[in-house]
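**Student:** The following block contains a protein sequence and its predicted model.
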Amino acid sequence: MGDKDDRSPKKKKGAKDMDDLKKEVPITEHKMSIEEVCRKFQTDIVQGLTNAKAAEYLIRDGPNALTPPPTTPEWVKFCRQLFGGFSILLWTGAILCFLAYAIQAATEDDPAGDNLYLGIVLTAVVVITGCFSYFQEAKSSKIMESFKNMVPQQALVIREGEKVQINAEEVVGGDLVEVKGGDRIPADIRVVSAHGCKVDNSSLTGESEPQSRSPDCTHDNPLETRNVAFFSTNCVEGTARGIVICTGDRTVMGRIATLTSGLETGKTPIAKEIEHFIHIITGVAVFLGVTFFILAIILGYSWLEAVIFLIGIIVANVPEGLLATVTVCLTLTAKRMAKKNCLVKNLEAVETLGSTSTICSDKTGTLTQNRMTVAHMWFDNQIHEADTTEDQSGASFDKTSATWQALSRVAGLCNRAQFKAGQDALPILKRDVAGDASESALLKCIELSCGSVRAMRDRNKKVAEIPFNSTNKYQLSVHETEDTNDNRYLLVMKGAPERILDRCSTILVQGKEQPMDEELKESFQNAYMELGGLGERVLGFCHMMLPEDQYPKGFAFDTDDVNFQTDNLCFVGLMSMIDPPRAAVPDAVGKCRSAGIKVIMVTGDHPITAKAIAKGVGIISEGNETVEDIAARLNIPVSQVNPRDAKACVIHGTDLKDLSQDQMDDILRNHTEIVFARTSPQQKLIIVEGCQRLGAIVAVTGDGVNDSPALKKADIGVAMGISGSDVSKQAADMILLDDNFASIVTGVEEGRLIFDNLKKSIAYTLTSNIPEITPFLLFIIVNIPLPLGTITILCIDLGTDMVPAISLAYETAESDIMKRQPRNPFRDKLVNERLISIAYGQIGMIQALGGFFAYFVILAENGFLPSRLVGIRLNWDDRSVNDLEDSYGQQWTYEQRKIVEFTCHTAFFVSIVVVQWADVIICKTRRNSVFQQGMRNKILIFGLFEETALAAFLSYCPGMDVALRMYPLKPSWWFCAFPYSFLIFVYDEVRKLLLRRNPGGWVERETYY
Amino acid sequence: METILLFLSSLLVCVAAVADPSAQDGKETVENPFIYDYESLRIGGLVLAVVLFTLGILLILSRRCRCSINQKLRPPGDEEAQDENQIVSTATPAVKETPAEN
């Protein structure tokens, strides 16, 4: 399968192994005779291995257990949190700060500590946020640990002719093992003898029906043949004896697990977005830095001073609080999703579902309930629909017909399944049943509609029974009748419909026996075809009151040499069973559709069943046809149909094998509704890679081991928490704790919401960067006293701005986010130029004006008119100048000047808080007016109160003048920025109004972020 | 919501009104604008901070309370309805077989 080009060439050997693993299973033992297998493993078909040999093999092959996937050491995980993504930006900032301080310390006698403090604070922020997200993820991985099944498996092996119970880990190749119903198969085994053995392969192949096992090779493909049973699948019933052919990682299951853990996964979409954001921010920072570096040189500053300025400007562009904000926002969403039963293993995966454009879903256990249920019945010449919903809320059918009475009696009596003891308190559908899947389905159906089957069986004592076998294809039993006066025997039979029909001469209609005529036969055929076409397994039922004269009371029925009548019976009806879709799935699929997400079914099950379920849940929507359907409708060969006409398609795994990459892309691109049936785990992986190649962000849902490579490779793998296998949960990024596919819709919704809200948070946080940088720029260019200091900047970024920025994560959606298309990862970026233009170029500039207004007002009130300030810097900052005159000729000492300067810092800080009020309110929405959105976000209002309280506290708390050099402000100074705050609000409301009025117009193109 | 906003704005006006005359008093008694009654300013500011802080906390707490009350009052609320169904289904499994999904 040609997809070697995307493997990284750096690990040649590893890549080769992976390609090898992607190929189909190399088992050949199923084609060998039993003797050949025995010879190969030097074992004996009766005696088994000798203990010595077994010990030797054990040393050679290692224990029969899957190597656990290489776990990343805790410190590596921790470091990844510390140095991943956004943290890099802050680290760079911190290092630059230390560098600047080092330069200052080396050149000046009394260096300002600002850069040192800033560096330390930046480091602290990164470390604290790193720890926070590390512990968040550790918490969810702890929940993961709890899933692990710690019970050691046992296996019954025959060694030196004796049966011994050993740990499954000690089983070696060549061992003769015995399995019985309920056991887990200890290794891959070649069956040498079997008695009614059936295995449940659903976790490996996705087939929902148990498969029978026998010693004969029935298929070239080891996965399809009947004589191989696979490691860690379950034996449902019967017994079998076999020779172990593979153990541990060499088993089919082991290969899948190894393939899974060997896959490398790409970056999450949000990580890519953050990277893009860092590029933009760095670009702006470096641009500003270099520009002012050159300006500073031109203005005559020394080289070292210019370098300090350069570093200062670059660092000032680093949004210190954003890392924490983003982490907290993602954590909040993760918590919200966990409450809705979506457990997210990796914080970044929270958003991924929101970006998802394709969902590849497994069928068995994910879309369906993974239990056979009676879906339809045919009696009285009519198809009746049974209730398949999980909570029995569906429609019921007419149960009054006498034929139904007869049918239910046959289905209840001719049935060997029974409820396991001690479950009377449980609802019927939840009870465990001992027996075959379809018989259990019948049992549950009859128990639900007719009451206790056990009582029915007690009333009709079983006299004789012929169990089902594959040559007869029927099962029959003979019972006494309920009526004690009636001494006749009742013969009931079920089996393959055509075989049953052959044995019938009459048919029951409305409780009356009628001769079977051609018309009724045809109607039977039609019903049989229709139900079969729905992908359902159909069983036929018939009965017969044996005449008393031939079979008197006490007649000895011989089941080996049948001594009674088994033909000329009376046909009663058909019942068909399917693994029905989960109740919430069709709705969820519909919602995904309307959200522009393509839902693809990828299953190991047969195409007919897959297609039926796909139609049932809406993956193939009503009215859409496959190529085969069109061909059948138009009565032309499949080859003549234009594949473009068919929106839907069902592709068989064997066909998939022969497809080239281009053909594959073609299918994925041109069909909207695709079902892949009979796919191997490797093919599932190839399908996911195909979708990703086309630029889709792929989510995979699945529960089985066969899904796990695809789960791992997908952008986000979603595993089932209850029914899912350990391997699949390990490989997944998200786990649906309640197995409810509908939770995926929640995930998409939350993911899209957090993406929008992160945009808002980032826009809000970035805006205050401009009023923080411009003071420094003007300080350099026009030599005014510094309007805003490092400490106050930190107070904004890490203090007052934090809660409002986080509160934006609680913002509700502006429009129905489930009605729009998924974002295009190439076009719709988290942070784009328009966002930067709004934040930096427009709102930020107004904010800076507000801040400077307050700054100039205070200095003017103190006597320094703006004209006096320009060029005053050198004297202002000179400790030895203690008689600096202001505009009115008053003389100021150094200490007095500094108090005024720091009061200005405080006023600038408070002004930024005031303009950020307006900013957070305008950032609530991107398109709607605030009046449409409302102020229902309580956290945001809390944020407004808290930031104001914090600002007042910082300004007025006694001792702040010493600690942070913040001084109390006169009340009037608080109001300096109010007009600017109002201006911001009006400006943005007008912008949004224009944006709404002219959709697609200039305003939208240039300012909609 | 609006009431709280109204309250906030009226509070700000009050503080301003209280603070302004004191500032004027200061100017009348002391000519020098550098000697200012920072003591009462600090107290006023801190009181404002504390009031805002408590208001904010109250807001968050009221959110919780109001929500839970609302949920109890709302008869067919989503989560509530589900809970009720579950209670019914567990309480009367023998009478009416309504199990949730398995």
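**Tutor:** Yep, it's here. Residues are numbered from 1 along each chain as shown, chains lettered A, B, ... in the order given.
**Student:** from here on, contacts and neighbour counts on C-alpha atoms
**Tutor:** Fine.
**Student:** So A:Val172, which state does it fall into?
**Tutor:** Secondary structure of A:Val172, reduced to three states by DSSP: H, G, I helix; E, B strand; the rest coil: coil.
**Student:** residues near it, how many?
**Tutor:** Around A:Val172 there are 31 other residues, counting by other CA atoms under 10 Å in any protein chain shown.
**Student:** What score does it have for pLDDT?
**Tutor:** On pLDDT, A:Val172 comes in at 89.
**Student:** Repeat that for A:Val881.
**Tutor:** According to the predicted model, the pLDDT of A:Val881 comes to 91.
**Student:** contacting residues around A:Ile838?
**Tutor:** Residues in contact with A:Ile838 (CA atoms under 8 Å, 6 or more residues apart in numbering or on different chains) are A:763, A:844, A:1007.
**Student:** which one of the residues you listed is nearest A:Lys77?
**Tutor:** For the contacts of A:Ile838, the minimum distance to A:Lys77 (CA to CA) is 29.9 Å, reached by A:Ala763.
**Student:** Can you tell me how far the closest one is from A:Ala138?
**Tutor:** When CA to CA, to the nearest Å is the yardstick, A:Ala763 and A:Ala138 sit 30 Å from each other.
**Student:** For the two, indicate the residue with more neighbours.
**Tutor:** It is A:Ala763, of A:Ala763 and A:Ala138, that has more neighbours when counted by other CA under 10 Å, with 24 against 17.
**Student:** residues in contact with the more buried one?
**Tutor:** Contact partners of A:Ala763, counting by CA under 8 Å, 6+ apart, are A:835-836, A:838-839, A:923.
**Student:** Correct me if wrong: A:Thr767 contacts A:Gly844.
**Tutor:** Yes - A:Thr767 is in contact with A:Gly844 according to CA atoms under 8 Å; the separation is 4.8 Å.
**Student:** Quick check, the residue in the stretch 901-1009 of chain A closest to chain B?
**Tutor:** Each residue of the stretch 901-1009 of chain A has a distance to chain B, by CA to the nearest CA, and the smallest belongs to A:Ala949, at 4.1 Å.
**Student:** Look up phi and psi at that residue.
**Tutor:** Backbone torsions for A:Ala949, taken as degrees, to the nearest 10, come to phi -60, psi -40.
**Student:** do A:Gly206 as well
**Tutor:** In terms of degrees, to the nearest 10, the main-chain angles of A:Gly206 are phi 90, psi 0.
**Student:** measure it to A:Lys272 for me?
**Tutor:** 34 Å.
**Student:** neighbour-wise, which of those two wins?
**Tutor:** Under the neighbour definition other CA under 10 Å, A:Gly206 and A:Lys272 were set side by side, and A:Gly206 has more, 30 against 16.
**Student:** Now the more buried one: closest residue in space that isn't a chain neighbour?
**Tutor:** Excluding its sequence neighbours, the residue lying closest to A:Gly206 (CA to CA, 6 or more residues apart in numbering or on different chains) is A:Gly604, at 4.4 Å.
**Student:** in what helix or strand does the one you found lie?
**Tutor:** When secondary structure is defined by DSSP states H and E, A:Gly604 falls outside every helix and strand.
**Student:** could you list every residue that touches it?
**Tutor:** With contacts taken as CA under 8 Å, 6+ apart, A:Gly604 has the following neighbours: A:205-207, A:677-680.
**Student:** All good on my end, thank you.
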